[in-house]
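For reference, the sequence and a predicted model appear below.
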Amino acid sequence: MADEILEQLPLAEKTATWGTLGTIRPHLNFDAAKDAQTFFEAISGEDFDTSGSPANSRGRSRVCKLLFWRPRLKLGAPRGPKGVDCRVLLDLLTSRSSEHRQQIAEAFLEFTQQGLLKTLEAVFPGQLQIIIRGLLRPAAQYDALEIQAGLQGLEVETLIEIISTRTAKQLQDILACYKQDFKSDLEKDIACGTTDAFRDLLLALIKGQRECYSGVIDYVLIRQDSKCSAGTKRQPESQLRKPWRDISRETSGKQV
C-alpha cells in the first residue's frame, strides 16, 4: 500500500524552477469541511449530513467502532477493514499540503469528536501507519520527531538536512515541539549526542540566528565567504572550522 501512496503524488509535468520545487502544492478551492466530510464518508460508508439522520448516526457510530474495536479487526489486509474506501483516503492524504491536512484534521474532529490520526491508524495496516503519522503531524512536530530519532541513531544526514534547511521561525517551532513532546532540551541533547565539529555546527545552526532570505543570491559574497572558509594550508584545522561555522549560522540557507 505504500506504493499506492507514492503513485498518488501529483508529480509536476513541466520542469520546475528553483524555489518552486515540490510535488504537493496548496490545493485550489480548498475546503477543509468538505474534505473532512469526504474522509468521514470513505471511513463510515455513509453519506454525511448535519441533520442528525439515522444514516449519519450510523456513520458516526462506525467511526467510533473503528477505534474501540480495532484489536478485533483484521487489519493485515492491504485494503484495510471492509467497507472503508482506502483509495479515497489515499487520494486526499497525498494531494493536500501539510497545512491543509491540519485544517482537515480540525474539521474532522469538529464533525465526529474523533481524532483523524487515531481513526486512520485504525484503518490502515501497521507499516503504513508510519506514513500516515508523518502526513498528519504538523511540520515542526514531525521535524522534532525525526531529529530525536536521528540523535538516537546518529543519522548524520537526517540531522543536517533538517537543521540546515529550516528558517529561524521553523527552528523555534521545532525547539518548542521537541521540548513539549520529549520533555527535553534539544540543544542539550545535541551537545550530549554528538561530538567535535559536527556538534558545534549543529548547536550554531539550531539557535536560529540566520538572516532572512532577501530573494537575491549574492555571488560576490559567495566568493568572499568561500575564500574565507577555505583559509590557507598553514592554518590548523580548528581555525578553518570557525569561519565556516559562522557563515552557516548567520547566512540564509539559500545563500549557503
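Now that the structure is in, tell me what you want to look at.

remind me which residues of the chain are low pLDDT?
Counting by pLDDT under 70, the low-confidence segments of the chain come to 1-24, 48-83, 208-216, 218, 221-222, 225-226, 228-256.

mind redoing it with 50?
10-19, 67-78 (pLDDT under 50).

Show me where it has its helices.
2-8, 32-44, 54-68, 86-93, 98-112, 116-123, 126-136, 139-153, 156-163, 168-182, 186-193, 196-206, 219-230, 237-250 (DSSP state H).

out of the ones you listed, nearest to residue 26?
Nearest to residue 26, of all those, is helix 98-112, at 6.5 Å by C-beta to C-beta. C-beta coordinates here come from the backbone N, C-alpha and C atoms, glycine included.

could you check the angle helix 116-123 makes with that closest one?
Helix 98-112 runs at 80 degrees relative to helix 116-123, counting by axes from the mean of the first three to the mean of the last three C-alpha atoms, to 10 degrees.

Which other helices and strands does helix 98-112 contact?
Under the contact definition 3 or more C-beta pairs under 8 Å, 6 or more residues apart in numbering; DSSP states H and E, helix 98-112 sits against helix 32-44, helix 116-123, helix 126-136.

Could you rerun that using 6 Å?
helix 32-44 (3 or more C-beta pairs under 6 Å, 6 or more residues apart in numbering; DSSP states H and E).

Let me have the helices of the chain in a markdown table, extended by distance to residue 25.
Converted to a markdown table, those look like this (distance: least, C-beta to C-beta, whole Å):
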| stretch | distance to residue 25 |
| --- | --- |
| helix 2-8 | 14 |
| helix 32-44 | 15 |
| helix 54-68 | 29 |
| helix 86-93 | 15 |
| helix 98-112 | 10 |
| helix 116-123 | 21 |
| helix 126-136 | 15 |
| helix 139-153 | 15 |
| helix 156-163 | 21 |
| helix 168-182 | 19 |
| helix 186-193 | 30 |
| helix 196-206 | 28 |
| helix 219-230 | 29 |
| helix 237-250 | 29 |
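
what would those look like in CSV with mean neighbour count?
Listed next are those as CSV, based on neighbours: other C-beta atoms under 10 Å:
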stretch, mean neighbour count
helix 2-8, 12
helix 32-44, 21
helix 54-68, 16
helix 86-93, 18
helix 98-112, 18
helix 116-123, 21
helix 126-136, 15
helix 139-153, 18
helix 156-163, 16
helix 168-182, 16
helix 186-193, 16
helix 196-206, 18
helix 219-230, 12
helix 237-250, 15
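
What distance do you get for residue 34 to residue 127?
Going from residue 34 to residue 127 by C-beta to C-beta, to the nearest Å gives 30 Å.

Repeat that for residue 117.
16 Å.

Then residue 37?
28 Å.

same question, residue 173
From residue 173 to residue 127 the distance is 28 Å (C-beta to C-beta).

Could you do residue 33 as well?
Taking C-beta to C-beta, one finds residue 33 at 31 Å from residue 127.

How about residue 193?
From residue 193 over to residue 127 (counting by C-beta to C-beta), the distance is 27 Å.

Same question for residue 106.
The value you get for residue 106 to residue 127, if C-beta to C-beta is used, is 27 Å.

excluding its backbone neighbours, what's nearest residue 107?
In space, and not counting its chain neighbours, residue 107 is closest to residue 36: 3.6 Å by C-beta to C-beta, 6 or more residues apart in numbering.

And for residue 176?
Nearest-residue entry for residue 176: residue 140, 7.3 Å, with adjacent residues in sequence omitted and distances by C-beta to C-beta, 6+ apart.

mind listing what that neighbour touches?
Contacts for residue 140 (C-beta atoms under 6 Å, 6 or more residues apart in numbering) come out as 173, 174, 177.
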